[in-house]
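Visitor: Compute the structure for the input listed below.
(chains A and B)
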Amino acid sequence: MDYFFELFLGGLTRGSIYALIALGYTMVYGIVQLINFAHGEIYMIGAFTALIVISVLTMLGWNQIAILLIAAGAAVVYSSAYGYTMEKIAYKPLRQAPRLSALISAIGMSLFLQNYVLLAQTSDFLPFPALIPDFEFMEPIAHIIGSPELVILITTTIVMVLLTFLIKFTKIGKAMRATAQDRDMAQLVGVDVNRVISVTFIIGSATAAIGGVLIASHIGQINFYIGFIAGIKAFVAAVLGGIGSIPGAVLGSLVLGWTESFFTGYISSDYEDVFAFVFLVLILIFRPAGILGRSTSEKV
Amino acid sequence: MLSLVDIHTFYGNIQALKGVSLEVKEGEIITLIGANGAGKTTTLMSISGIVPPRTGDVLFMGEAITRVNPDKIVSMGISQVPEGRRIFPYLTVLENLDMGAFLRDDKDGVKSDLDYVFSLFPILAERRNQAGGTLSGGEQQMLAISRALMARPRLLLLDEPSLGLAPLIVKQIFEIIKKINSENNTTIFLVEQNANLALKVAHRGYVMENGRITLSDAADRLLANEDVKKAYLGI
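Guide: Just a heads-up that it's a prediction; the model follows:
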């Protein structure tokens, strides 16, 4: 039974990380109907920013928790700036163009950012220090869930609650919902759509950066390519849950995390990705719009 | 109050407006009638800044708003009830109305305007917590008009408010349009295919054909005009 719980919580942790990244995909898709394939790179850049800050502060001999918080803060700011700029450079000029153009621009942006980090840093895996300490009170259940996992779960929960609050109750949240439902009409009631789009990219980038720092610290190494893999997984999770739906992205991520965790634990870890994608295919066969997705018909 | 000066508007390479000029004076109900595809909706979208004209000028209160962002145009006092109502389907009635007041900070004013639109359309008060997409066509039209009123506009643009509605509802909605004009002194620019109805409530009218204004006159004279009768009134 302990093994089951271990897998369950492992899947939950994995799913939470996917969710932090999937949110960016689904929110951007909801507002501008664009799959931002460079989103994984924002997550990778977040991890690299954190690593640089950590290296400097560790040399100065700061306290571990303080380092982690400052590094995460720096990653959030830096990644948000990248997300904001990316939208302005790669997507805004193409807003009236056919959707395929923006998609190709996104793939180009993804390749550019990967190679930019490859040149600026290195192609090797860099060690990422484990900054989350083992809490004493976690000892009795440490064989089921470790302290890093606990921190990941708590952080993700806080982010989700804040995001839900933002979208439901704030002015910009309402503007985001209205824009997602009918962009021209949102403009006709006075919503500055450019601002809404920028804010969406910033929020998506910020949550991805948090995910990047958490998982890098958990896994212990990063390189320029981590964004691609994580991005694809999070994208699968977003589609699984119903692209454009925020609760869908979270649910899809958890389902994906559990699927991977249980199949890996009970069957074989060699087929981890196979199970994830087979599951995606199955869901899409029976629910093409995703678990919580709204089926929409093309307007003519 | 509003004047269009020789505006030309394009969708890509297709020219929808070929030099439209017209004038709306404060306090008037003006109607723009014409067949499908004449450019009526494009005219409104050009005024609201959603499809800005390529050449020509849109002047509002003497200021050029030709290439101003749509949200700024709303803040200057022009609201639109677009064709097909365009209710936010997953927002509740109350949230839709709230979106109408998006640019306003005066909480008390918004509250009293909310009471006002509920007095115009009591059915909306009953359905306040229902998702907009679940309303009937007539209720959605009432909601669309109310949403536009929540911005407390000086000029209200209405695009085909009668479209697809039962005659009884249409009559009710046109009564309200007259009431909004006379009670609040809100200027109204009404686009309609139902020329008979539109000319009966309007003070003046413009007739549009193929992206050009072909006729303009007092509404009662247009109603009596032989060409208009033949082409648009089916008499």
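
Visitor: For the chain, which segments count as strands?
Guide: All of this is about chain A. Counting by DSSP state E, chain A has strands at residues A:126-127, A:221-222.

Visitor: ah, I was thinking of chain B
Guide: Under the criterion DSSP E, chain B carries strands at the ranges B:2-11, B:14-24, B:29-34, B:55-60, B:63-64, B:78-81, B:155-159, B:187-192, B:204-209, B:212-218.

Visitor: Reformat these as JSON lines; add mean pLDDT, distance to A:Y91 and mean neighbour count.
Guide: No exception for glycine: its C-beta is placed from N, CA and C like everyone else's. Listed next are the strands of chain B as JSON lines, based on pLDDT from 0 to 100; distance: least, CB to CB, whole Å; neighbours: other CB atoms under 10 Å in any protein chain shown:
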{"stretch": "strand B:2-11", "mean pLDDT": "94", "distance to A:Y91": "22", "mean neighbour count": "17"}
{"stretch": "strand B:14-24", "mean pLDDT": "94", "distance to A:Y91": "25", "mean neighbour count": "18"}
{"stretch": "strand B:29-34", "mean pLDDT": "94", "distance to A:Y91": "36", "mean neighbour count": "26"}
{"stretch": "strand B:55-60", "mean pLDDT": "94", "distance to A:Y91": "29", "mean neighbour count": "17"}
{"stretch": "strand B:63-64", "mean pLDDT": "92", "distance to A:Y91": "30", "mean neighbour count": "10"}
{"stretch": "strand B:78-81", "mean pLDDT": "96", "distance to A:Y91": "27", "mean neighbour count": "27"}
{"stretch": "strand B:155-159", "mean pLDDT": "96", "distance to A:Y91": "30", "mean neighbour count": "24"}
{"stretch": "strand B:187-192", "mean pLDDT": "95", "distance to A:Y91": "34", "mean neighbour count": "24"}
{"stretch": "strand B:204-209", "mean pLDDT": "93", "distance to A:Y91": "36", "mean neighbour count": "22"}
{"stretch": "strand B:212-218", "mean pLDDT": "92", "distance to A:Y91": "37", "mean neighbour count": "16"}
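
Visitor: Please name whichever of the ones you listed is nearest to chain A.
Guide: The closest of the strands of chain B to chain A is strand B:78-81. By CB to the nearest CB, the value is 5.1 Å.

Visitor: Give me the contacts around the closest one.
Guide: Under the criterion CB atoms under 8 Å, 6 or more residues apart in numbering or on different chains, residues A:188-189, B:2, B:44, B:47-48, B:60, B:65, B:100, B:141, B:144-145, B:147-149, B:151, B:153-159, B:161 lie in contact with strand B:78-81.

Visitor: got it, and stretch A:173-190?
Guide: Here stretch A:173-190 makes contact (CB under 8 Å, 6+ apart) with A:27, A:30-31, A:166-167, A:191-193, A:195-197, A:199-200, A:244, B:48-50, B:70-71, B:74-75, B:79-80, B:82, B:86, B:88-91, B:95, B:98-100, B:102-103, B:147, B:151.

Visitor: Would you mind listing the buried residues in that stretch?
Guide: A:173-190 (16 or more other CB atoms under 10 Å in any protein chain shown).

Visitor: Which residues of chain B lie near chain A?
Guide: Within chain B, the positions adjacent to chain A are B:48-50, B:69-71, B:74-75, B:79-80, B:82, B:86, B:88-91, B:95, B:98-100, B:102-103, B:147, B:151 by CB under 8 Å from any CB of the partner chain.

Visitor: try 6 Å this time
Guide: Counting by CB under 6 Å from any CB of the partner chain, the residues of chain B close to chain A are B:48, B:50, B:70-71, B:74, B:80, B:86, B:88, B:90, B:99-100, B:102-103.

Visitor: Only the buried subset of the residues you listed, as a PyMOL command please.
Guide: Filtering those down to the buried ones (16+ other CB under 10 Å) takes a single PyMOL command:
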select buried, chain B and resi 48+50+70+71+74+80+86+88+99+100+102
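
Visitor: what's the most distant pair in the residues of chain B next to chain A?
Guide: Greatest spacing in the residues of chain B next to chain A, by CB to CB: B:S48 and B:Y90 (23.2 Å).

Visitor: ok, back up a step: present the strands of chain A as a markdown table; the columns should include mean pLDDT.
Guide: Formatted as a markdown table, the strands of chain A follow (pLDDT from 0 to 100):
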| stretch | mean pLDDT |
| --- | --- |
| strand A:126-127 | 92 |
| strand A:221-222 | 92 |
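
Visitor: Would you mind finding the most buried of the ones you listed?
Guide: Across those, averaging neighbours per residue (mean count of other CB atoms under 10 Å in any protein chain shown) puts strand A:221-222 on top, at a mean of 18.

Visitor: Give the pairing partners of it; include direction for each.
Guide: With DSSP bridges as the test, strand A:221-222 is paired with strand A:126-127 (antiparallel).

Visitor: Pull the residues that contact the partner strand.
Guide: Residues from elsewhere that reach strand A:126-127 (CB atoms under 6 Å, 6 or more residues apart in numbering or on different chains): A:221-222.

Visitor: if you set the cut-off to 10 Å instead, what comes out?
Guide: A:47-48, A:51, A:55, A:216, A:220-224 (CB atoms under 10 Å, 6 or more residues apart in numbering or on different chains).

Visitor: Chain B contacts on the stretch 51-200 of chain A?
Guide: A:96, A:171, A:174-175, A:177-195 (CB under 10 Å from any CB of the partner chain).

Visitor: One more: the stretch 201-300 of chain A?
Guide: A:R294.

Visitor: Please read off the pLDDT at the residue of the stretch 201-300 of chain A found nearest chain B from the model.
Guide: When scored by CB to the nearest CB, the stretch 201-300 of chain A has A:R294 as its residue closest to chain B, at 8.3 Å. Note on A:R294: pLDDT of 75.

Visitor: can you tell me which residues contact the residue nearest to A:F135 when sequence neighbours are not counted?
Guide: Leaving aside its sequence neighbours, A:F135 sits nearest to A:S147 (CB to CB, 6 or more residues apart in numbering or on different chains; 4.8 Å). Residues near A:S147 by CB under 10 Å, 6+ apart: A:130, A:132-139.

Visitor: Show me the buried residues of stretch A:173-190 that map onto helices.
Guide: Counting by DSSP state H, the part of the buried residues of stretch A:173-190 found in helices is A:173-181, A:183-188.

Visitor: low-confidence ranges in chain B?
Guide: B:235 (pLDDT under 70).

Visitor: Give me the buried positions along stretch B:158-176.
Guide: The neighbour-count check on stretch B:158-176 (16+ other CB under 10 Å) flags B:158-162, B:165, B:169-170, B:172-174, B:176 as buried.
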